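Trainee: Build the 3D model from these lines:
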Amino acid sequence: MRLVSINVGRSETLSQGNRRETTGICKYPREGSVNVTYGGISGDAIVDSKHHGGADQAVYAYSADDYDWWAETTDRDYFPGLFGENLTIRDMPSDMRIGDRLLIGAVVLEATAPRIPCATFSMRMEDKDWGIAFDRRDRTRFVPPQIPPERLSRRTQTLARSAHCSKDAGRDRSPARERGIGPPK
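Mentor: Numbering: from 1, shown residues only. All right, here's what the predicted structure looks like:
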């Protein structure tokens, strides 16, 4: 695994039809290092704290390999941070489960939940049906477990995965799969 980018967002207003929304989903690669805390990545805007951020949604990681898949199957360009992730990781395991952990330098991230696509994500992608397509692909977000805050840099080379035993680790964590919708084969 390789950390491709660290992405942070700022408050921006998106529009689709008559709807306007201020959001922090628009994330862009950042040079240098950042602090990773229990609340997320320093400098990253979380506008809707009722539905985003907090202890179990502090950091969102997404696979650069999945961006490759999207680029091959759709007619659009993709770039790190487009999906609102804080970390874009090359060769991230596609079978991550709740409770699995990633070690990135001194930072430990734990998978806590799959990404549940919202209307803001569809607005960001300028496609009202985007959430359905993304839900079928099914990936996980990560949150730092109870560790001291640490610094993270894109130059960090130590990336490792460990399966962590939790009550949910053996369950299929996908709301999409629970509805009978699986990821593309």
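
Trainee: Please count neighbours and contacts with C-alpha atoms only from this point.
Mentor: OK.

Trainee: Show me where this protein dips below the pLDDT cut-off.
Mentor: Along the chain, the parts satisfying pLDDT under 70 run over 55, 138-149, 154-185.

Trainee: What segments of this protein are helices?
Mentor: 64-73, 119-124, 130-137, 175-178 (DSSP state H).

Trainee: Now tell me what touches the longest one from outside.
Mentor: I take that to be helix 64-73. Val4, Asp77, Tyr78, Phe79, Pro80, Thr88, Ile89, Arg90, Asp91, Met92 (C-alpha atoms under 8 Å, 6 or more residues apart in numbering).

Trainee: ranges for the strands of this structure?
Mentor: 2-9, 12-16, 19-23, 27-29, 33-37, 40-41, 61-63, 87-90, 101-104, 107-114, 140-143, 150-153, 159-162 (DSSP state E).

Trainee: ok, back up a step: and Asp100, which of the helices of the chain is closest to it?
Mentor: helix 175-178 (17.8 Å; C-alpha to C-alpha).

Trainee: From the contacts of helix 64-73, list just the buried residues.
Mentor: Buried members of the contacts of helix 64-73, scored by 16 or more other C-alpha atoms under 10 Å, are Val4, Pro80, Thr88, Ile89, Arg90, Met92.

Trainee: Surely the first one and Ile89 touch.
Mentor: The one in question is Val4. Yes: counting by C-alpha atoms under 8 Å, Val4 does reach Ile89; the two are 5.3 Å apart.

Trainee: so can I have JSON lines of the buried ones among the contacts of helix 64-73 showing distance to Ile25?
Mentor: Supplementary listing: those in JSON lines, determined by distance: C-alpha to C-alpha, whole Å:
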{"residue": "Val4", "distance to Ile25": "18"}
{"residue": "Pro80", "distance to Ile25": "12"}
{"residue": "Thr88", "distance to Ile25": "14"}
{"residue": "Ile89", "distance to Ile25": "18"}
{"residue": "Arg90", "distance to Ile25": "21"}
{"residue": "Met92", "distance to Ile25": "21"}
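
Trainee: how about those residues, which pair is most distant?
Mentor: Between all members of these, the farthest pair (by C-alpha to C-alpha) comes out as Pro80 and Met92, at 14.0 Å.

Trainee: Pull out the buried residues from stretch 59-73.
Mentor: So stretch 59-73, judged by 16+ other C-alpha under 10 Å, has buried residues Val59, Tyr60, Ala61, Tyr62, Ser63, Ala64, Asp65, Asp66, Tyr67, Trp70.

Trainee: What separation is there between the residue nearest the centre of the chain and Thr112?
Mentor: Geometric centre of the chain, nearest residue: Tyr60, 3.0 Å, by C-alpha atoms, centre = their mean. To Thr112, Tyr60 is 10 Å away according to C-alpha to C-alpha, to the nearest Å.
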